[in-house]
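Participant: Let me see the structure of the following:
(2 chains)
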Amino acid sequence: DAGVIQSPRHEVTEMGQEVTLRCKPISGHDYLFWYRQTMMRGLELLIYFNNNVPIDDSGMPEDRFSAKMPNASFSTLKIQPSEPRDSAVYFCASRLSGAPRGYTFGSGTRLTVV
Amino acid sequence: SQQGEEDPQALSIQEGENATMNCSYKTSINNLQWYRQNSGRGLVHLILIRSNEREKHSGRLRVTLDTSKKSSSLLITASRAADTASYFCATDTGANSKLTFGKGITLSVRP
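Facilitator: Okay, here's the model as predicted:
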């Protein structure tokens, strides 16, 4: 398996523009998580899905952020409009339900909003 | 909010020495996990210890868990330059299967 695949790896955009981050989880994993990492706040859970259904979006900073999982192999995190304070590394992770086990993380998308 | 807090924030050791990193948390947990993150990369799962376990080994890694003190430690024996990375503890409270991460420890292993 190629692991969790995120795209793009880097994104530079101007304030006010829409940004879409993409994630392909490991095949068969039924949980998908979106995290944001910054120096100041560390790793923050934004939202997670189970069987394509959003379970907890309490970490989504504000209405400018939205996430979807139209099928088991694809998820998007959208920011519209983007702001400089959204600059961070965004990680997607997946795991299989059942016995406790670790997450598999993607390589992340480094977002810079100028 | 951070559930786990790692200590120290940064650690610098010589190759061959042992590295000990600590994690404290606040609420009851189902399990605790340690992850490694190399610069510019995603997190990699290292080891998981359940709340009813006290110690676990995996290669050069040894993890302990003291639920009475709400703390865990990660020991890396015979460190190598390739162990240079950030290390995170993460707690699973069993509620809705989500992990909460600490801010991490930066480990530097000098050749």
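Participant: quick one, what contacts the closest residue to residue A:90 other than its chain neighbours?
Facilitator: Spatial nearest neighbour of residue A:90, chain neighbours left out: residue A:109 (4.8 Å); criterion: C-beta to C-beta, 6 or more residues apart in numbering or on different chains. Bear in mind the C-beta positions are built from the backbone N, C-alpha and C, glycine included. By C-beta atoms under 8 Å, 6 or more residues apart in numbering or on different chains, the contact set of residue A:109 is A:6, A:7, A:8, A:9, A:10, A:11, A:21, A:89, A:90.
Participant: The closest residue to chain B within chain A: what secondary structure?
Facilitator: Closest to chain B within chain A is residue A:102: 3.0 Å, counting by C-beta to the nearest C-beta. Under the three-state scheme (DSSP: H, G, I helix; E, B strand; the rest coil), residue A:102 adopts coil.
Participant: Let me know how buried it is, in neighbour terms.
Facilitator: Residues near residue A:102, counting by other C-beta atoms under 10 Å in any protein chain shown, number 20.
Participant: Whatever residue of chain B ends up closest to chain A: neighbouring residues, count only.
Facilitator: As assessed by C-beta to the nearest C-beta, chain A sits closest to residue B:45 within chain B, at 3.0 Å. Residues near residue B:45, counting by other C-beta under 10 Å, number 17.
Participant: I'd guess it is in a strand, am I close?
Facilitator: Yes. Assessed by three-state DSSP, residue B:45 belongs to a strand.
Participant: Look up which residues are beta-bridged to it.
Facilitator: On DSSP bridges, the residues paired with residue B:45 through beta bridges are residue B:35.
Participant: List the residues that contact it.
Facilitator: Contacts here follow C-beta under 8 Å, 6+ apart; on that basis residue B:45 touches A:102, A:103, A:104, B:33, B:35.
Participant: any chance of the residues you listed in CSV, with distance to residue A:63 and pLDDT too?
Facilitator: Output for those, formatted as CSV (distance: C-beta to C-beta, whole Å; pLDDT from 0 to 100):
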residue, distance to residue A:63, pLDDT
A:102, 32, 91
A:103, 27, 94
A:104, 30, 96
B:33, 32, 96
B:35, 31, 97
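Participant: Enumerate the residues of chain B near chain A.
Facilitator: Applying C-beta under 8 Å from any C-beta of the partner chain, we find that chain B lies next to chain A at B:2, B:30-31, B:33, B:35, B:41-46, B:48, B:50, B:88, B:92, B:96-104.
Participant: Just the ones of those in helices?
Facilitator: Using DSSP state H, no member of those sits in helices.
Participant: Can you turn the buried part of these into a ChimeraX selection?
Facilitator: Filtering these down to the buried ones (16 or more other C-beta atoms under 10 Å in any protein chain shown) takes a single ChimeraX command:
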select /B:2,31,33,35,42,43,45,46,48,88,92,97,98,99,100,101,102,103,104
